[in-house]
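Q: kindly return the folded structure for what I paste below:
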Amino acid sequence: MSHRRRPRINRSISLSLLAASAICWLGAAHGQESLNALRNSAKSPPRKPAATTHARAPQDRNSPVGFIADKVDYDRDNNIVVARGHVQAWQGDQIVLADTITFYRATDQAVARGHVVMVQPGGQVMFADYAELSQNMQNGIFTKVSARLADNGKLVANAGQRINGKLNELSRAVYTACNLCKTDPSWPPEWQIRSVDAVQDLEHKEVEYWNGTIDMFGVPVLWFPYLSHPDPSVKRQSGFLVPSYGFDSEYLGSYIRIPYYWVINGDSDLTVTPTIASGSGPDLDLTYRERFNNGTLNVDAMGGRDLGSPQGLLNATGLFALNNSWRYGFSADTVTAVTYLRDTDQAVPAYMESNAYVEGFGLGSWARVNVTAYQSTTTTTSQSTLPYVMPRAQYSYFNVTDPLGGRLSMDTGFINVLRATGTNTDRANLNINWQRQFYDPLGGVWNFRVNDTNAYYSAFSLNETPSWSSLRQAQTYRSVPAAALMWRFPMLRADTKGTGSELIEPIVQLVAEPREGDWRNPAVPNEDSLDLDYSDANLFSFNRYDGIDRQDGGSRLDAAFHAAWYGASNGADFLFGQSFRAINDTLAVLPGSGVGGYRSDYVGHVNFNWGDLATLSYRARYDPKSFTPQMQDVGFTVGKGLFALNGGYFFSNTDPYNLYDSATLPSNYYAHRNEIYLGASSHWEDWSISGDARRDLHSNMMDSTDLHLTYDDECLIFDVRFTKRYTSVLGDTGATSILFTITFKTVGSIGSHTL
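A: The predicted structure is shown next:
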């Protein structure tokens, strides 16, 4: 074998287009020889060295050879030393173990025979049956070579030659990350790379192959003239990544993506992915990442032609620390035309959001200032009606316990909302809360709270979305003081078997709060209280709206019965409650919300968990007169491992999605939301399969179906997913996709996406 290294093709090529050549079905004799070497290395693990102590190996490469052995013979006439039995030899940073090593002192050569083990300075271990070493063990010739690499990588060859301690030129080489079959080592591995020649570059940590094939289960499936991949110990290295291809019958047509990964330095990298499609494009996707001492930056920019015009997409995030208390960041998410998301196989979100912010954290305090812009992604929402938040400032503070035994908290802020079409709002707010908990002699738990919500508003175009006021503009100040006294009487006992405990707890709360007017309050814009989701979760809240622009107000009595059982690994929890108002105040809350009359809807939940074998959660709201359901939310899981079933059901008597599109209450506000979900999964050994389906029971139409199959072992991942969307996005008639990916661990992935 020549000492001259082969001319190197560009080191960055890794499973490139050269690898995507042709499918071949003819084997080669050298593959069987290399596979036998792999089996032999598996049958003959490295033996343990003799328990002999010796001095630490010197690090100078020019230092003399040191060794220990069971027996040593000296041939003084020929200047030859023969070491036999558990031989350990070292020179500089090279270590060799063998059954026998013959040292030719006149030529500075060594010949190792039998169970030869060579330990590299970086910790890599190479095995051989025979080795001739020279030049301070930097050069050598080996037979029946095998090397154990990181992440279970294995490289074997019929013969090999080392050059300057940096290159291993290999003949008839085989590489795989798969374990051989324990019951039948002659069975071929799941995949292997076979090549006529290969080079293991120890300096640059890369393995290169010429004239080879990729075999799966012993069958050649892909021939390549050249292929390279980083050593498995390398986590980042420049090179072409595995191309992906697919077919989109509606937009892209047949397409191929060829990503190139560039490691700029230790802190940054860039992935360049051109897409060539028969139906549109071409497109270019650039993904840049960088880590700084104080933060991270990620930028994904894509551009090309779609529907006959240039289009672009930007997704970027950044987060940086100013000091231990303050940080700042941003996110940019925008596209020139929403159809570009659909046509390039991108997920279409409900909306796109871009913002920049500064945020600080202190002992019991938090502050944030941000600006935000939104972009519409639906045909039903006009871009001119979406807000620009310029800016929003927030501050929260939670004090330690004061001399009275209570704790004071405060939330304050300012927000400016701008719209091209719709209400423009300036709001400054201050919310002060104080609470104290104490106990009575009988074991009752009392909690006293006082709260005052203050807000100043200056608004224009109040008569447009989303406020739809009778006024065009208004300036107003509103203060909503409130006080609440809650009493709980928890009764807890251990069960007779000592396996758990039982809780019974009545809860009563009295709230004193001024009444509110019409929920469409003409002088107050509505930016943060667009829905009222009344349930057991906010039964005891001062305000059942999510924000402060609307208040359900009024004095009331809240009552609930709570019971629970707590076991070591299982339990159950039950709550059922209702609110009682002093005055029928249905105009103060959203219609159909269930909290405006003398008696609110019944609300409650039931939760069960039986270890990790079964769970059930049920949350509901019922009409107080007819006891008909107004909202139901069910979720469950049963089983694990070999078979598991999960599902859910949701029902609501209202749909607030179109509530603020006009000044009058739309008829579809009372359209029922009614959806069911069912899924199943199974996992056994290296296989897993899962599937689910969603159906809209109100329209009696399917929403989506999904099927996912995965095989994952120590060296191979096969993943295939089928999804079908029945709902319309941007005017289409649904979509179907099939995505499969084959990952050869330590080497790369091959995938296809078909629509």
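Q: Arg478: what's it in contact with?
A: Neighbour list for Arg478: 454-455, 457, 524 [criterion: Cβ atoms under 8 Å, 6 or more residues apart in numbering]. Using the backbone N, CA and C atoms, a C-beta is placed for each residue, glycine as well.
Q: host element of it?
A: Here Arg478, judged by DSSP states H and E, is contained in strand 473-488.
Q: that strand pairs with which strands, parallel or anti?
A: Applying DSSP bridges to the sheet, strand 473-488 is found paired with strand 445-460 (antiparallel), strand 500-512 (antiparallel).
Q: walk me through which strands the next helix or strand after it pairs with, and which way each runs.
A: Using DSSP H and E, the helix or strand that follows strand 473-488 in sequence is strand 491-494. Note on strand 491-494: by DSSP bridges, its sheet partners are strand 500-512 (antiparallel).
Q: what about the residue of the chain most remote from its centre, which SS state?
A: Centroid-distance maximum for the chain: Asp77 at 70.1 Å, with Cα atoms, centre = their mean. Put simply, Asp77 is coil when judged by DSSP: H, G, I helix; E, B strand; the rest coil.
Q: so that it lines up with my notes, have the first residue be 230 from now on.
A: Noted, 230 is the first residue going forward, which turns the last one into Asp306.
Q: now do it against Ala335, distance only.
A: For Asp306, the distance to Ala335 equals 11 Å [Cβ to Cβ, to the nearest Å].
Q: just Gln540 next, same as before
A: 74 Å.
Q: for Thr565, find the nearest of the strands paired with strand 702-717.
A: In terms of Cβ to Cβ, the element of the strands paired with strand 702-717 nearest to Thr565 is strand 674-689, at 30.3 Å.
Q: what's the mean pLDDT across the closest one?
A: Looking at strand 674-689 alone, the average pLDDT works out to 97.
Q: buried ones in that strand?
A: Residues of strand 674-689 classed as buried by neighbour count (16 or more other Cβ atoms under 10 Å): 678-680, 682-684, 686, 688-689.
Q: common neighbours of Asp306 and Ala335, please.
A: Common neighbours of Asp306 and Ala335 (Cβ under 8 Å, 6+ apart) do not exist.
Q: what's stretch 736-744 in contact with?
A: Outside stretch 736-744, the residues that touch it by Cβ under 8 Å, 6+ apart are 709-717, 769, 771, 780, 782-791, 806, 812, 814, 817.
Q: please, a ChimeraX command that selects the buried ones among those residues?
A: Here is the ChimeraX command that picks out the buried ones among these, judged by 16+ other Cβ under 10 Å:
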select :709,711,712,713,715,717,769,771,780,782,783,784,785,787,788,789,791,806,814,817
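Q: of Gln540 and Ala335, who's got more company?
A: Gln540 (21 against 9; other Cβ atoms under 10 Å).
Q: please report how far the more buried one lies from Gly482.
A: Distance, Gln540 to Gly482, using Cβ to Cβ: 17 Å.
Q: could you list the low-pLDDT ranges of the protein?
A: Residue ranges of the chain with pLDDT under 70: 230-292, 351, 477-480, 982-984.
Q: go with 50
A: Across the chain, the ranges flagged by pLDDT under 50 are 230-288, 290.
Q: now do the helices in it.
A: Using DSSP state H, the helices of the chain run over 258-272, 567-572.
Q: spit out the contact partners of Leu481.
A: Counted by Cβ under 8 Å, 6+ apart, Leu481 has contacts 475, 506-510, 572-574, 984.
Q: also Asp942?
A: Counting by Cβ under 8 Å, 6+ apart, Asp942 has contacts 407, 419, 915.
Q: report the contact partners of the first one.
A: When contacts are counted by Cβ under 8 Å, 6+ apart, Cys407 is found next to 381, 418-421, 942-945.
Q: which of those residues ranks first by neighbour count?
A: These, ranked by neighbours (other Cβ under 10 Å): first place Gln421, 27 neighbours.
Q: which residue is the nearest non-sequential neighbour of that one?
A: Spatial nearest neighbour of Gln421, excluding adjacent residues (Cβ to Cβ, 6 or more residues apart in numbering): Thr405 at 4.1 Å.
Q: equivalent analysis for Tyr517, please.
A: Sequence neighbours aside, Val528 is the residue nearest to Tyr517 in space, at 4.5 Å (criterion: Cβ to Cβ, 6+ apart).
Q: next, count neighbours for the nearest residue to Cys410 once chain neighbours are set aside.
A: Using Cβ to Cβ, 6+ apart and skipping residues adjacent in sequence, the residue nearest Cys410 is Trp416, 4.3 Å away. Around Trp416 there are 13 other residues, counting by other Cβ under 10 Å.
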